[in-house]
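Asker: Please find the sequence and the predicted model below.
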Number of protein chains: 2
Amino acid sequence: MGKSTIFDVAKKAGVSKSTVSRVINNQGNVKEKTRKKILKVMRSLNYHPNSSARSLVTKRTNTIGLIVPDITDFFYLQFIKGAEVVGIKNNYNMMLLSSRWDVEEERYCLKMFGEGRVDGVLLISGNWVGEPYLNCPELEKMPLVIIDRTLNNHVIPTINVDNKNGGYLGTRHLLENGHRMIAFVTGLANQKASLDRMEGYRQAMDEAGVRESENLIYPGDFTEKSGYQVTRQVLEAGKGITAIFYANDLMAIGGIKAIKDKGLIIPDDLSLIGCDDLELVSLIDPPFTTLRQPRYKMGYTGMELLINSIEHKDNINPAQIIYHMALIQRNSVQSRS
Amino acid sequence: MGKSTIFDVAKKAGVSKSTVSRVINNQGNVKEKTRKKILKVMRSLNYHPNSSARSLVTKRTNTIGLIVPDITDFFYLQFIKGAEVVGIKNNYNMMLLSSRWDVEEERYCLKMFGEGRVDGVLLISGNWVGEPYLNCPELEKMPLVIIDRTLNNHVIPTINVDNKNGGYLGTRHLLENGHRMIAFVTGLANQKASLDRMEGYRQAMDEAGVRESENLIYPGDFTEKSGYQVTRQVLEAGKGITAIFYANDLMAIGGIKAIKDKGLIIPDDLSLIGCDDLELVSLIDPPFTTLRQPRYKMGYTGMELLINSIEHKDNINPAQIIYHMALIQRNSVQSRS
DNA sequence: CTGTTAGCGCGTTCAA
DNA sequence: TTGAACGCGCTAACAG
């Protein structure tokens, strides 16, 4: 038996394929009686139009390609969620590929999507230093929006947060609470977000006249484990550090463990701030102060831009959108004034 | 200009489409020299075969449909991850649809995938009571594997854990540590997993001769919030409860908060156990004892079965696979003996 | 080793 | 209001 085609329906209903096609897409004028008839036959045959055949002629797939460094990473969930909501509202499906934190892999994903599988691509990028998307032939003519990354070529729209300002805000908050010996734990050295946040930290420290900031920077790698290890170093350094600023929440969580293991109390003995505002931060003890990156909103907006550009609703998409990071205060910063 | 087609390549290379097709799929014998030439032309034209056209004739899309109740839910990440690994290894892409915890929506997703968009479907099911997949015409001939659910019709392969045994094991563990007044916090009433776990709890309690177990069952809804609220009830009930068994980890996390808010210490004042073993459990303070559901493995195996069935590598897929839940001991159970 | 031919299932003219 | 004919881009016989 196999799947039934539009031809089977037409034959059984005693009409031509064209008429069936018309009722499927409810367009054109079809007599109510024949429409009813065709609908009935379609059901009886359990007919579903074949989407490949359709795409071949319409040049539309109604699906959006989504690329993420790691589906399993808590950090990306809200981006995806935001994008999904807009996708559903506009009748798009999502095809998911994972770049596994690899630039080459990311390019491969772009290539897959370049084979007419999708109408556009939402790339949630590994935030590498550099601009690897220039001269990428896979992209030719394919609507694309990049999230969590800023490009200066102004041809691919990007959505990002102001990481430098985030670093600045967090550091200011600690300074205003009377801290001066503030350590900064970085993420991976090739991650732009980490570098930018560190720059903000430096600027705030400089402005406050804390000259030793260079010696207060500790290299981490964004993982919980490194947060734990680095924090041990900080605690054993004996520099009189009273607060730690982590370049992301996961490291802060590791840090909290290390601090507790030392028998110290947060924030009484040591203050800390994270970065990103993962949902699970509120589950941690203590819930800690962090800088929120509006990830849901970013995914949402990214998908909107993308669909606009696919459907030419609006040809003047902005070249870049940059959101502020917001300080979310919880219970991990003690005033020393 | 637009996208270039196989015809453009053929013309520019001075050969026929068939020859180009042969090198694309590297099959058949093609003279090395012409192959080189064609490859070169393909690059120069930035040619990528159109996957819709291909699917139309091969009847293969090389993509797998994945249905999940909520992409954002921590619980599902490892299933997806396991499935993804196998998918990548076998050159399949993944198309992701979210059923949003709704049976109707789930059916709609199945329908979408029934339109030839995918070669098979991996359904990570909302674990509802009942068997809604019988007589579902969308499924006709479509390879399908269901995860996190057991069906007894023995036509659709399912992968699940032995939830009842999990409930039994957890309760036994508490009993063996000298607890008798053990509360059980359920999940949503229409969730089979919760009911099964509760049944295991009951059995263990009965075997141990604890007759009041009916009065120790508290209804929750799987959310952290309900875990918090129910735990407050338990603490205020004054029944002499010394341990709480939560039907999932999220509720246990809420419970931990409630217990701490009361100024009580875990496990000294109160023991507890969760269920599922989410990754984030190790981040919680204290890391708590729970029953592990091998989610990565389940996703992995599910995808393997599915691909086997698509490629007819193996027509005798098992009708159901049931994994054990394993007790993962951490620091939330105090011995009272 | 290579070219010719015939569809895959559908939407879209253009006539009727 | 309907049907006939064509083509989307590709693979798969079948010849040569």
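Answerer: Now that the structure is in, tell me what you want to look at.
Asker: Please enumerate the helices of the stretch 1-150 of chain A.
Answerer: A:6-13, A:17-24, A:32-44, A:51-58, A:74-89, A:103-113 (DSSP state H, counting those that start in this stretch).
Asker: State the mean pLDDT of the fourth one.
Answerer: Going back to what we said before, that points to helix A:51-58. When pLDDT is averaged along helix A:51-58, the result is 95.
Asker: what's the answer for the second one, then?
Answerer: Confidence over helix A:17-24 (mean pLDDT, whole number) is 94.
Asker: Then the last one?
Answerer: The average pLDDT for helix A:103-113 rounds to 88.
Asker: Could you measure from the residue lying closest to A:Ile88 once chain neighbours are set aside over to A:Val86?
Answerer: Leaving out its chain neighbours, the residue that sits closest to A:Ile88 by C-beta to C-beta, 6 or more residues apart in numbering or on different chains is B:Ser98, at 7.9 Å. Every C-beta, even on glycine, is put in place using the N, C-alpha and C of the backbone. When distance is defined by C-beta to C-beta, to the nearest Å, B:Ser98 is 13 Å away from A:Val86.
Asker: ok, now how distant is A:Ile244 from A:His173?
Answerer: With the distance defined as C-beta to C-beta, A:Ile244 ends up 13 Å from A:His173.
Asker: sorry, that was for A:Ala247
Answerer: From A:Ala247 across to A:His173, the span is 15 Å (C-beta to C-beta).
Asker: now do A:Met205
Answerer: Using C-beta to C-beta, A:Met205 is found at 13 Å from A:His173.
Asker: quick one, which of these two is more surrounded?
Answerer: Per other C-beta atoms under 10 Å in any protein chain shown, whichever of A:Met205 and A:His173 has more neighbours is A:Met205, with 24 against 20.
Asker: Skip the chain neighbours and tell me the closest residue to that one.
Answerer: Computed as C-beta to C-beta, 6+ apart, the closest residue to A:Met205 that is not its neighbour in sequence is A:Ser213, at 3.9 Å.
Asker: Could you confirm that neighbour falls within a helix?
Answerer: Yes: the assignment for A:Ser213 by DSSP: H, G, I helix; E, B strand; the rest coil puts it in a helix.
Asker: what's near enough to touch it?
Answerer: Taking C-beta atoms under 8 Å, 6 or more residues apart in numbering or on different chains as the criterion, A:Ser213 is in contact with A:182, A:184, A:201-202, A:205-206.
Asker: In strands, which of those residues fall?
Answerer: A:182, A:184 (DSSP state E).
Asker: In TSV: the contacts of A:Ser213, plus pLDDT.
Answerer: Rendered in TSV, the data for the contacts of A:Ser213 read as follows (pLDDT from 0 to 100):
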residue	pLDDT
A:Ile182	97
A:Phe184	98
A:Tyr201	98
A:Arg202	97
A:Met205	97
A:Asp206	96
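Asker: Which entries within the contacts of A:Ser213 meet the buried criterion?
Answerer: A:182, A:184, A:201-202, A:205 (16 or more other C-beta atoms under 10 Å in any protein chain shown).
Asker: and chain A, which residues reach DNA strand D?
Answerer: Taking C-beta under 7 Å from any atom of the strand as the test, the list of chain A residues beside DNA strand D reads A:14-19, A:22, A:28-31, A:34-35, A:53, A:56-57.
Asker: Between which two of the residues you listed is the distance greatest?
Answerer: A:Lys31 and A:Leu56 (29.1 Å; C-beta to C-beta).
Asker: For these two, indicate the residue with more neighbours.
Answerer: More neighbours sit around A:Leu56 than around the other of A:Lys31 and A:Leu56, counting by other C-beta under 10 Å; the figures are 18 against 9.
Asker: measure the more buried one to chain B for me?
Answerer: Taken as C-beta to the nearest C-beta, to the nearest Å, the spacing of A:Leu56 relative to chain B amounts to 5 Å.
Asker: So what's the residue count around the nearest residue to that residue once chain neighbours are set aside?
Answerer: Nearest in space to A:Leu56, with sequence neighbours left out and distances taken as C-beta to C-beta, 6+ apart, is B:Ser52 at 4.6 Å. Residues within reach of B:Ser52, counting by other C-beta under 10 Å, total 24.
Asker: isn't B:Ser52 right up against A:Thr61?
Answerer: Yes: in this structure, B:Ser52 sits in contact with A:Thr61. The criterion is C-beta atoms under 8 Å, and the distance is 7.1 Å.
Asker: Which neighbours do these two have in common?
Answerer: Taking C-beta under 8 Å, 6+ apart as the contact definition, B:Ser52 and A:Thr61 share the neighbouring residues A:51, A:55, A:116-117.
Asker: Including neighbour count, could the residues you listed go into TSV?
Answerer: Rendered in TSV, the data for the shared contacts of B:Ser52 and A:Thr61 read as follows (neighbours: other C-beta atoms under 10 Å in any protein chain shown):
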residue	neighbour count
A:Ser51	24
A:Ser55	24
A:Gly116	22
A:Arg117	24
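Asker: and the element among helices and strands of chain A having the smallest mean pLDDT with helix B:51-58, angle?
Answerer: Confidence across the helices and strands of chain A bottoms out at helix A:103-113, with a mean of 88, counting by mean pLDDT, DSSP states H and E. Comparing the axes of helix A:103-113 and helix B:51-58 via axes from the mean of the first three to the mean of the last three C-alpha atoms, to 10 degrees yields an angle of 60 degrees.
Asker: which stretches of the stretch 1-150 of chain A have low pLDDT?
Answerer: Within the stretch 1-150 of chain A, the stretches with pLDDT under 70 are A:1-2, A:131-140.
Asker: follow-up on the earlier one: of the helices of the stretch 1-150 of chain A, which stretch is the most buried?
Answerer: By mean neighbour count, with neighbours taken as mean count of other C-beta atoms under 10 Å in any protein chain shown, helix A:74-89 ranks first of these at a mean of 21.
Asker: packing partners for it?
Answerer: In this structure, helix A:74-89 packs against strand A:63-68, strand A:93-98, strand A:120-124, helix A:295-310, with contacts taken as 3 or more C-beta pairs under 8 Å, 6 or more residues apart in numbering or on different chains; DSSP states H and E.
Asker: Tell me the pLDDT of the residue of the stretch 201-337 of chain A found nearest DNA strand C.
Answerer: Closest approach of the stretch 201-337 of chain A to DNA strand C (C-beta to the nearest atom of the strand) occurs at A:Glu311, with a separation of 14.5 Å. What the model reports for A:Glu311 is a pLDDT of 89.
Asker: residues near it, how many?
Answerer: Here the number of neighbours of A:Glu311 (other C-beta under 10 Å) works out to 13.
Asker: Please apply the same query to A:Gly263.
Answerer: As a burial measure, A:Gly263 scores 7 neighbours (other C-beta under 10 Å).
Asker: just A:Asn50 next, same as before
Answerer: Other residues near A:Asn50 come to 19 when the count uses other C-beta under 10 Å.
Asker: Quick check: closest non-adjacent residue to it.
Answerer: Taking C-beta to C-beta, 6+ apart as the measure, A:Asn50 lies nearest to B:Gly116, with 4.3 Å between them; neighbours along the chain are not counted.
Asker: my read: that neighbour touches B:Arg60, true?
Answerer: No: counting by C-beta under 8 Å, B:Arg60 is not a contact partner of B:Gly116; they are 10.0 Å apart.
Asker: closest to A:Trp128 among the residues of chain A next to DNA strand D?
Answerer: Here the nearest of these to A:Trp128, counting by C-beta to C-beta, is A:Leu56; it sits at 36.2 Å.
Asker: and the closest one, how far is that from B:Asn29?
Answerer: Taking C-beta to C-beta, one finds A:Leu56 at 29 Å from B:Asn29.
Asker: Same question for A:Ile24.
Answerer: Relative to B:Asn29, A:Ile24 is positioned 43 Å away (C-beta to C-beta).
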